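Asker: output the structure for:
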Amino acid sequence: MTTHRSETGWQRLMELVRTLRGPDGCPWDRAQTVPTLAPYLVEESFEVLHAVESGEDSAILEEAGDLAFVLSLLLHTAEQEGRGAVEDALDRTVEKIEARHPHVFRDRTDLADVAQSEAEVSRALQLEWERLKQSKGPASEVDETAERLHRLPPPHPALPALAQASKLQGKAKNLGFDWPDVTPVFAKVREELAELEEAQSSQGIGEIREELGDLLFAVVNLARFLGVEPESALRRANEKFRGRFHEMLSGMEADGIDPTDANLETMDQYWERAKARERGRS
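Answerer: Below you'll find the predicted structure:
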């Protein structure tokens, strides 16, 4: 395969995947299908998220490049499987995104002219975006009040539950349904925790599952008010727990204690020591 720097990055990438999927290409790449590639797309997306959380610019671009490769491979594979032409799919995407940004691509009143603050502009744009997604085209003359009262578009079912909760809450906020400040949100979390405790003591697994879901939903709402992305926060908590647990085990082993023979009280003592050392390093 010969590539030229005069080609765009996307052109070179698509030429690369065509070669890999060609008769003389890589056996692994040629064996892939859209269903087998889809999990790699998810994996690479989370690696981009991890890079963003790390704050390393080079890692962000590298992981985003890897994601672009897998996406290009999936698009070309879909075309080979007869699911449609890549260029047609991309053209439709461009047309759809342009239609959902009439304030940029069409001769319409600038939303900034009818909104007095950046927050109002953002809210107006999000309302317009959701309306256009529902109509799957340019905005029509509809009763905005009716839209606000009767429509809360569902998040994509493929999204993780935490992301779905965040999107639902954000959409409800755009429609004017939201807490005035964070104080009652803390109270709501405590309320849902109390209801979960009650369900655990006297009800069945169905009620427990429902109350646990309500508690998680309330915690996601709290994260939104605090300006924290819940998926990232949970990932950090996972890594923190893993680090402390390993340090706890190392401390026990250094003192000649077999963790498999230790009771919970002993393990908790070493856990607290691990936490103290972590605080000392921060």
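Asker: got the domain boundaries for the chain?
Answerer: If you go by automatic domain parsing, the domain ranges for the chain are 9-84, 230-281.
Asker: next helix or strand past the worst-scoring helix or strand of the chain on mean pLDDT?
Answerer: Of all regular secondary-structure elements in the chain, judged by mean pLDDT, DSSP states H and E, the least confident is helix 144-150 with a mean of 46. Scanning forward in sequence from helix 144-150, with DSSP states H and E defining helices and strands, the next element found is helix 161-174.
Asker: quick check: mean pLDDT of that following helix?
Answerer: Averaging the model's pLDDT scores along helix 161-174 yields 87.
Asker: for stretch 239-252, same thing?
Answerer: Mean per-residue pLDDT for stretch 239-252: 93.
Asker: report the central residue of the protein.
Answerer: Centrality entry for the chain: nearest residue to the mean C-alpha point is Ala163, 5.3 Å, by CA atoms, centre = their mean.
Asker: tell me the secondary structure for Ile257?
Answerer: Using DSSP: H, G, I helix; E, B strand; the rest coil, the structure places Ile257 in coil.
Asker: that should have said Pro180, apologies.
Answerer: Assigned by three-state DSSP, the conformation of Pro180 is coil.
Asker: just give the closest residue to Phe217, not the sequence neighbours.
Answerer: If you skip the residues right next to it in sequence, Phe217 has Ala165 as its closest partner in space, 5.3 Å away by CB to CB, 6 or more residues apart in numbering. All C-beta spots, glycine's among them, are computed from the backbone N, C-alpha and C.
Asker: any idea how far stretch 37-54 is from the chain center?
Answerer: Once both centres are worked out by CA atoms, centre = their mean, to the nearest Å, stretch 37-54 turns out to sit 10 Å from its chain's centre.
Asker: buried residues in that stretch?
Answerer: Counting neighbours by 16 or more other CB atoms under 10 Å, one finds that the buried residues in stretch 37-54 are 37, 40, 44, 47-49, 51, 53.
Asker: need the residues you listed in TSV with pLDDT, can you?
Answerer: Converted to TSV, the buried residues of stretch 37-54 look like this (pLDDT from 0 to 100):
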residue	pLDDT
Leu37	93
Tyr40	89
Glu44	89
Glu47	87
Val48	90
Leu49	84
Ala51	89
Glu53	82
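Asker: which one of the residues you listed is nearest Leu73?
Answerer: Taking CB to CB as the measure, Leu73 lies nearest Leu37 of the buried residues of stretch 37-54, at 6.2 Å.
Asker: and the helices in the stretch 151-282 of the chain, which stretches?
Answerer: Remark: helices assigned in the stretch 151-282 of the chain by DSSP state H, counting those that start in this stretch are 161-174, 183-202, 205-226, 230-254, 264-281.
Asker: please identify which of the domains of the chain is closest to Ala158.
Answerer: Distances from Ala158 to each of the domains of the chain were compared using CB to CB; the minimum, 9.0 Å, belongs to domain 9-84.
Asker: list the contacts for the spatially closest residue to Val219 that is not a sequence neighbour?
Answerer: What sits nearest to Val219 in space, not counting adjacent residues and going by CB to CB, 6+ apart, is Val189, at 6.0 Å. Taking CB atoms under 8 Å, 6 or more residues apart in numbering as the definition of contact, the neighbours of Val189 are 215, 218-219, 222.
Asker: hmm, back to that, can you count the residues close to the nearest residue to the residue nearest to the centre of the chain once chain neighbours are set aside?
Answerer: Leaving out its chain neighbours, the residue that sits closest to Ala163 by CB to CB, 6+ apart is Glu231, at 6.5 Å. By other CB atoms under 10 Å, the residues close to Glu231 number 17.
Asker: no more questions from me, cheers.
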